[in-house]
Structures are given as structure tokens and as C-alpha cells.
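A.B. asks: What would the 3D arrangement of this be:
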Amino acid sequence: MPLPRIEPPESKIEPKKVVSASALEPSTDLRPAETIDAKLQQISDRLQHAQLQPQKPIPCGADAVVQPQRQQRQQQQEQQQQNRPAQQHQQMISIHPGFTEHAYRLVFPFEDRFAPDTPTLLTVLPSGVVENEKVLKAQKEKALMAFPYPQSISNELAESPGSHQPGGSVDSSSGRVLRDTAFVWPREDGTSALVQTWTTTLNEQFRTTFEIFEGPNPDSEKFQPQAVSEFQKTMTRLFGPAATNCPMFFCHKQTVNASPTLVGISEELLVYLKEHPDLMRELAILSIDSEGLGFVADVTDGGGKRSEKHFTMGPGEQYVVYRKVGWATMGCAKLLHQFLHDAELHKPPMVAGPAGAKKDEAAIIVQNHVVEQPAAEGRVSARSARGPPSSRAAGCISARSEISDVATSIGAVSHAAGLVSGECRKTWTEQWGA
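C.D. replies: Residues are numbered from 1 along each chain as shown. Predicted coordinates:
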């Protein structure tokens, strides 16, 4: 029996599709993300080909804000490091239109009470400089004067022979050191006491100018008890035990001085005075001793007698140079902190700029700084008057913010690109140069 013929299954062959030439062209139906990427790439390409100097390309995106700020901070730090020595040297000198002095003084009228003794006076400054050395002759109306507050000197200087000028030396062959004098000695707390005292004349002029109190201390705030005790101890060491029987005067006067009053570092003050001889004459200063760090004052007493007095100043210290008036008129120098114990500087001061600078350099420094001079503190402080960054810098930040939201809108991309390419280019040129 013949087998039935089995037909193979029909194969389902799909007809080939004819692909047109137009279908081979790239499709413009891209996804939004691909369009955004393409736009951002276009922005980047345009910024890279911007017509700016090649050494200063325009940053975009986050770099448009972060990179300039980082570079500016780095430049400022480098400039501050380079200018630090010059800034320390260029100290501002302020010239005040006078001052009001409330002078409180302790006075010891030795006169001829201890004749025939003639002890030697040393006027020792806290810097260790012996400003004056003289024999105290017994004479009517002669007295010693001191400040109404306690003073100290470093233990190292107390063990030294002292100096007649800053940085100078004295003949130490006698073996005398400051601690062995009547004016310096160790306190119980380990510090070294100093009594800075000088001579005065209790004449009619003095008694008219000063309000004098005899007897007990009239004001323990103005005449500090420790200062009174240490001044009395110095007088006993100088004149002997009999000095305890001598009365002590508590004196006060108020004086308004309208002469120019200079405040600054000692070295800078001397340079400035030397450059201005007219000011030297007004302050009764005859000459400047630059090597000895001081000056020679022109002294005129109430009787018209003229003489000279040499003033020395400590290196690197804040001083006040002024014209002293009273029985004797002369140029005078005093440490700033001592001066402010007794006086209030009149305001406003005129800022002279750093001594030794050219006029144009000084003008630049004055224009670039706002100077404040509190009379109560007497410190010259300066802050930069440079203005804040331009408002266009904020435009860069705004552009960066809009670019970050570019995924929301192709229109936002185009707008942000315009801000970056236009506004940031202006800001870069104006803030950091063309």
C-alpha cells in the first residue's frame, strides 16, 4: 500500500522592505536630553572661540565664579606676603591740632632741707635710657617731680648699667647697674620698680599754674597709692631717712595746647621732622639727632633765658612730639601711653603718611585708607576704603544658576548662554584686566 505523500510546510517569507534614500538621512526627531547636550556643546564651542586674549580665557559654568575668586584670593595672599615688610615700615603719622592736658604730678620739695648733701639724680626711662644725670644742689624752690602712677622696668634692663641713648653704651667701669640706684629696685612680686623723676622749680609761675594739695592724698584714683609709696621710697633712698619728714605735694593743672602734635613711631617722626624745618621751628626743635634717635630742643624760660635740651627716644616705640608750654617752652617727646595718661588729643587729625615717602606716594596711601584716630586710645588705625566688587559679578552667579536649570527649557539654555558670553566677559575684563 503506497504511503501518502506528505507536503512540506509552507515557509512564511516576508517580503523585503524597500528602504528609500530619504530614510537613510539622520533623523531630527531627537530626545530632549540629546538636544540639551547639543546646545550645551554649542555654548562651550562659542566660549572657547571668543575673541579674548589667549592667556586669559573666559571661564564658564561653575568656573565662571569659582576660578576667578580662587585666583583673586591667591593673588591677594601673595601680595600681602610680599608687602608685609613694607607695610610694617610705612607707619602713618598723624598731626593733631593740639591737645588738652590734665597733668597730675607728685612733687617732692627738697630745696635746701638736706644741705650739704648733693645726691646725683638719674632720670631713667622704662626703655633703660638715662635721659638726664645731674647733681642736686641745695637751693630754694628746687623740687623733684614724678608721675602719679607706678612704673616698671624689665628685670634685664634693671641689671644693666643703662644707656644715655637708645642702643648706646655707658662706662660700666664703676660697676653701677640701674638696680643699685635709688630709682630702680626689685619688688616682692618679682618685677622691677622704676621711679622716673626730674627737677622742677616751685616759683610763682608754678604755684599759679598748678593747683597744689599738701598733706594726705586728695584723690587716690588720680594719685595712685602705690606710686606715692614708691616715690617716697625713692626720696628716702636718695636723701636718706630724713626725707620721710619732708612733705609731699599733690599737684594738678589743666592746659589747652593748640600747637601741632605729632603721633607716630620714633624713627618715622624724626625723619618727618627733618623733612619739614618749618614744623621743627614751630615745635621749638633746633636739630634732629638721627644717629642718637633724638633731637635738641630750643628751651626758653619765663625770664627769656634760652638754653638747649637733648631728648632721646626708644627705637620702634609710639611717641608724641609736641611743644611744651609753661614756665619753660620747648620741644618735647613722650611715650604715647604716658602722654595719654594726662592728655586728650584734639580731633580730627591730619594724616601725613609714612615718613620719607614721596609726596605722590603719600597721597596714594592717604587716598586708599580711611584713618581713624580715637583720642581716648591714641592709636592710629587704618582700614581699606576699596569698594565692594561690581554688581556685574552677581550676573555671573545668575548665569550659572540659569545654566543649572537648562534641562527644563531649551530657551533657558539660549538665555544663559547670552549671559555667560556677554555679561561674564565684561566682568572678567573689568575685574581682572583685559
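A.B. asks: Output the below-cut-off pLDDT ranges for the chain.
C.D. replies: 1-37, 39-40, 43-44, 46-91, 164-175, 353-434 (pLDDT under 70).
A.B. asks: right, and Lys134 touches Thr199 too?
C.D. replies: Yes: under the criterion of Cβ atoms under 8 Å, Lys134 makes contact with Thr199 at 7.4 Å. Yep, even glycine has a C-beta here, placed from its N, CA and C like the rest.
A.B. asks: Now for those two: what residues contact both?
C.D. replies: Both Lys134 and Thr199 are contacted by Leu121, under the criterion Cβ atoms under 8 Å, 6 or more residues apart in numbering.
A.B. asks: Compare those two (neighbour count), which wins?
C.D. replies: More neighbours surround Thr199 than the other of Lys134 and Thr199, with 14 against 11 (other Cβ atoms under 10 Å).
A.B. asks: and that one, that's in a helix?
C.D. replies: No: checked against DSSP: H, G, I helix; E, B strand; the rest coil, Thr199 lies outside a helix; its state is strand.
A.B. asks: pretty sure it contacts Leu121?
C.D. replies: Yes: the pair Thr199 and Leu121 qualifies as a contact (Cβ under 8 Å) at a distance of 6.8 Å.
A.B. asks: Mutual contacts of the two, please.
C.D. replies: In contact with both Thr199 and Leu121: 134, 136, 144, using Cβ under 8 Å, 6+ apart.
A.B. asks: Need the three-state assignment for the first one.
C.D. replies: Yep, that's Lys134 we're talking about. Going by three-state DSSP: Lys134 is strand.
A.B. asks: okay, the shared contacts of Thr199 and Leu121 in CSV with distance to Tyr272 next?
C.D. replies: Listed next are the shared contacts of Thr199 and Leu121 as CSV, based on distance: Cβ to Cβ, whole Å:
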residue, distance to Tyr272
Lys134, 31
Leu136, 36
Leu144, 34
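A.B. asks: could you say which helix or strand contains Glu268?
C.D. replies: Element membership for Glu268, per DSSP states H and E: helix 266-275.
A.B. asks: again but with Ile212, I slipped
C.D. replies: Ile212 belongs to strand 211-214, assigned by DSSP H and E.
A.B. asks: That strand pairs with which strands?
C.D. replies: Strand pairing for strand 211-214, using DSSP bridges, gives strand 249-257 (antiparallel).
A.B. asks: Just the buried residues of the partner strand, please?
C.D. replies: 249-253, 257 (16 or more other Cβ atoms under 10 Å).
A.B. asks: what's the angle between that strand and strand 197-201?
C.D. replies: 80 degrees (axes from the mean of the first three to the mean of the last three Cα atoms, to 10 degrees).
A.B. asks: Send over strand 249-257 as PDB, restricted to the C-alpha atoms.
C.D. replies: Extracted C-alpha coordinates of strand 249-257, given in PDB (Å, rounded to 0.1, in the frame of the first residue of the first chain):
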ATOM      1  CA  PHE A 249      52.700 117.900  97.200                       C
ATOM      2  CA  PHE A 250      49.900 116.600  95.100                       C
ATOM      3  CA  CYS A 251      49.600 118.900  92.000                       C
ATOM      4  CA  HIS A 252      47.200 119.200  89.100                       C
ATOM      5  CA  LYS A 253      46.800 121.600  86.200                       C
ATOM      6  CA  GLN A 254      44.700 121.800  83.000                       C
ATOM      7  CA  THR A 255      46.300 123.200  79.900                       C
ATOM      8  CA  VAL A 256      44.900 123.600  76.400                       C
ATOM      9  CA  ASN A 257      47.700 123.400  73.900                       C
END
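A.B. asks: what comes into contact with it?
C.D. replies: The set of residues external to strand 249-257 that reach it, using Cβ under 8 Å, 6+ apart, is 98-109, 143, 148, 209-214, 217-219, 222-223, 322-323, 325-326.
A.B. asks: Could you do stretch 324-331 as well?
C.D. replies: Counting by Cβ under 8 Å, 6+ apart, residues outside stretch 324-331 touching it are 201, 203, 205-206, 209, 255, 257, 259, 280, 283-285, 295, 297-302, 309, 311, 321-323, 332.
A.B. asks: Send me that stretch as PDB with only the CA atoms.
C.D. replies: Extracted C-alpha coordinates of stretch 324-331, given in PDB (Å, rounded to 0.1, in the frame of the first residue of the first chain):
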ATOM      1  CA  LYS A 324      55.600 122.100  75.800                       C
ATOM      2  CA  VAL A 325      54.300 125.400  77.400                       C
ATOM      3  CA  GLY A 326      54.600 126.600  80.900                       C
ATOM      4  CA  TRP A 327      57.400 128.300  82.800                       C
ATOM      5  CA  ALA A 328      59.700 126.900  80.100                       C
ATOM      6  CA  THR A 329      58.700 126.400  76.500                       C
ATOM      7  CA  MET A 330      60.500 123.700  74.500                       C
ATOM      8  CA  GLY A 331      60.000 120.900  72.000                       C
END
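A.B. asks: any idea how far the nearest residue to Phe108 once chain neighbours are set aside lies from Met248?
C.D. replies: Counting by Cβ to Cβ, 6 or more residues apart in numbering, Leu144 is the residue found nearest to Phe108 once chain neighbours are left out, at 4.6 Å. Using Cβ to Cβ, to the nearest Å, Leu144 is found at 10 Å from Met248.
A.B. asks: Give the residues shared as contacts by these two.
C.D. replies: Counting by Cβ under 8 Å, 6+ apart, the residues touching both Leu144 and Met248 are 107-108.
A.B. asks: Please identify the buried residues of stretch 109-116?
C.D. replies: Result for stretch 109-116 [16+ other Cβ under 10 Å]: buried residues 109-110, 114.
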